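Q: next one to model:
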Amino acid sequence: MRTPIIAGNWKLHMNPEETTEFVEAVKDKLPDPAKVESLICAPAVDLDALRRAAKGSNLRIGAENCYFEDEGAFTGETSPKVLKEMGMDYVIIGHSERRIYFHETDEDINKKAKAIFANGLKPIICCGESLETREANKQEEWVVNQIEAALDGLTADQVSSLVIAYEPIWAIGTGKTASSDQAEEMCKTIRETIKDLYNEETAENIRIQYGGSVNPANIKELMAKPDIDGGLVGGASLKPDSYLALVNYQD
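A: Here you go, the predicted structure:
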């Protein structure tokens, strides 16, 4: 059985004081991690506050991005080595906003995945198509190509432990959500791709999230699908009440 994972992606929101207040409001109301894994990925400037506030609780913590080098002359970047030293658990990579606004390539994302694993962290690798790609009925080809490129050179054990987040670009922050059937169809395609690239055991172990306007009103329907193992949540993860409704969706 795959443990569901509900991850908040705060993007460029929250300061350290707000981060502490948020964690204090939720940390005693989170589900058992064996039942649902509750995760917050915060901006780099908030990570120390996140770590301090979450200590000793069921909240898993992560970063929204990192570089593929541990150190060096890379002004403005975030070291995966330091993220591990800080006590992070996960790092989001390949988000469409990083691909679009900061021109990150599939090769960059693959190098980041390897650096994350080299430092004992787990990547959440994002993938997803634009509205134009879906309207051209090429969404599966697009996403499969992203997955193949991101996982190049990774072992089956590594892939079993990472998370893939399918986020159709046209549904991120737009209020539009892929139907649960559309989300399931792509998540199933991703799992089948993992089986083709590795083996059935790896495909059954990997956790696949859906992201794109996930909220308390649609989380149960999405999580009822057999190939959807969690949600990567933006706006609905910024308020303690809505975040708690998401992670406690089984109640």
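Q: shouldn't Ala150 be in contact with Ile124?
A: No: at 11.1 Å, Ala150 and Ile124 do not qualify as touching, with contact defined as C-beta atoms under 8 Å. For every residue, glycine as well, the C-beta is placed using N, CA and C.
Q: these two - which one has more neighbours?
A: Ile124 (27 against 24; other C-beta atoms under 10 Å).
Q: show me what the more buried one is bridged to.
A: Bridge pairing for Ile124 (DSSP bridges) gives the partners Ile92, Val163.
Q: how close does it get to Ile190?
A: 13 Å (C-beta to C-beta, to the nearest Å).
Q: how many residues are close by Ile208?
A: For Ile208, using other C-beta under 10 Å, the count is 25.
Q: assumed it was part of a helix.
A: No: counting by DSSP: H, G, I helix; E, B strand; the rest coil, Ile208 is not part of a helix but strand.
Q: what about stretch 169-184, distance to the chain center?
A: 15 Å (C-alpha atoms, centre = their mean, to the nearest Å).
Q: which parts of that stretch are buried?
A: 169-172, 177-178, 180, 182-184 (16 or more other C-beta atoms under 10 Å).
Q: now stretch 7-18
A: 7-11, 14, 16.
Q: okay, how far is it across it, tip to tip?
A: Length of stretch 7-18, first residue to last, C-alpha to C-alpha, to the nearest Å: 18 Å.
Q: how about residues contacting that stretch?
A: Contact with stretch 7-18 is made by 22, 39-43, 45-46, 48-49, 62, 64, 90, 92, 95, 97, 124, 163, 165, 209, 211, 230-234, 237-238, 243, as judged by C-beta atoms under 8 Å, 6 or more residues apart in numbering.
Q: pLDDT on it, on average?
A: Across stretch 7-18, pLDDT averages out at 98.
Q: for this structure, what helix or strand is lowest in average pLDDT?
A: Every helix and strand of the chain was ranked by mean pLDDT, DSSP states H and E. The lowest is helix 131-135, at a mean of 91.
Q: off-centre distance for it?
A: With C-alpha atoms, centre = their mean, you get 22 Å for helix 131-135.
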